[in-house]
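[1] Give the three-dimensional model of this entry:
(2 chains)
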Amino acid sequence: GDSVTQMEGPVTLSEEAFLTINCTYTATGYPSLFWYVQYPGEGLQLLLKATKADDKGSNKGFEATYRKETTSFHLEKGSVQVSDSAVYFCALSPVWGNQFYFGTGTSLTVIP
Amino acid sequence: ETGVTQTPRHLVMGMTNKKSLKCEQHLGHNAMYWYKQSAKKPLELMFVYNFKEQTENNSVPSRFSPECPNSSHLFLHLHTLQPEDSALYLCASSQVSDSLTPKLIFGQGTRLTVV
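    Next comes the predicted model:
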């Protein structure tokens, strides 16, 4: 079945460090891919998305590229800030239907 | 986006109580979802409603009873819960169509504690 695997956390980085959170998926065809972010005490917010191979989603300095050949959608940011501390979820939505499959989440803490 | 509103934000209930969680979306979406988020566990899909019809029920215990009276409102009725049901319950909505890329919009969640 369709699924998402993302790297285990927690991840701790110093401010202005480079961030990569790995995400790979298993799905038939070309699913849509998403990154969601959850700040403490809040629900999940859509961070970025991509709908076809080689698409790059970007928002707030975060980027992720849809790689069909490696079935990956890694999240990157060149210079993290303390305010980026949150839990990040990779997700996919299959070609058909209204299902969404989430990874287990990766907790990020950025220290000054 | 703040188009999905959940109430209450926090709820403490005893194991013999009956309570309901409410979700309302103002986005004109046609699908609504209940997810359960427990500490150190993946997000669990509980129920999906598409055009007010339940299309998914992921083996959820009967002590959780969903209700979707229209495409804008979703309830989760709770009774005789167990302490392990304590979690963050998230409501979400999406617009499902052949031409649009779906995206889930979440509410802020209800933090439920069963004592």
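
[2] Surely A:Asp84 is in contact with A:Thr109?
    No - contact criterion C-beta atoms under 8 Å: A:Asp84 and A:Thr109 do not qualify, at 9.3 Å. C-betas here are computed from N, CA, C, even on glycine.

[3] Compare the two and say which one has the larger neighbour count.
    Legend: neighbour count by other C-beta atoms under 10 Å in any protein chain shown for A:Asp84 and A:Thr109, higher for A:Asp84 (20 against 14).

[4] What pLDDT does the model give the more buried one?
    According to the prediction, A:Asp84 has pLDDT 97.

[5] Likewise for the one 10 residues further on?
    Among the per-residue scores, A:Pro94 shows a pLDDT of 87.

[6] ok, it touching A:Asp2?
    Yes - contact criterion C-beta under 8 Å: A:Pro94 and A:Asp2 qualify, at 5.3 Å.

[7] Touching, B:Lys36 and B:Ala87? I think so.
    Yes - in terms of C-beta under 8 Å, B:Lys36 counts as a neighbour of B:Ala87; the distance is 5.1 Å.

[8] Quick check: A:Ser83 is in a helix.
    Yes - counting by DSSP: H, G, I helix; E, B strand; the rest coil, A:Ser83 is part of a helix.

[9] OK, contacts around it?
    A:Val110 (C-beta atoms under 8 Å, 6 or more residues apart in numbering or on different chains).

[10] same check, this time on A:Gly78
    A:18, A:61.

[11] other SSEs contacting the helix or strand hosting A:Tyr36?
    Under the criterion of DSSP states H and E, A:Tyr36 resides in strand A:32-38. Where contact means 3 or more C-beta pairs under 8 Å, 6 or more residues apart in numbering or on different chains; DSSP states H and E, strand A:32-38 is packed against strand A:23-26, strand A:44-50, strand A:56-59, strand A:62-65, strand A:86-93.

[12] Return the most buried member of the ones you listed.
    The highest mean neighbour count among the helices and strands packed on strand A:32-38, using mean count of other C-beta atoms under 10 Å in any protein chain shown, belongs to strand A:86-93: a mean of 24.

[13] contact partners of the helix or strand following that strand?
    Going down the chain from strand A:86-93, the next helix or strand is strand A:101-102, by DSSP H and E. Here strand A:101-102 makes contact (C-beta under 8 Å, 6+ apart) with A:2-4, A:36, A:89-94, B:42-43.

[14] Strand A:101-102: how far from the chain's middle?
    Relative to its chain's centre, strand A:101-102 lies at 11 Å (C-alpha atoms, centre = their mean, to the nearest Å).
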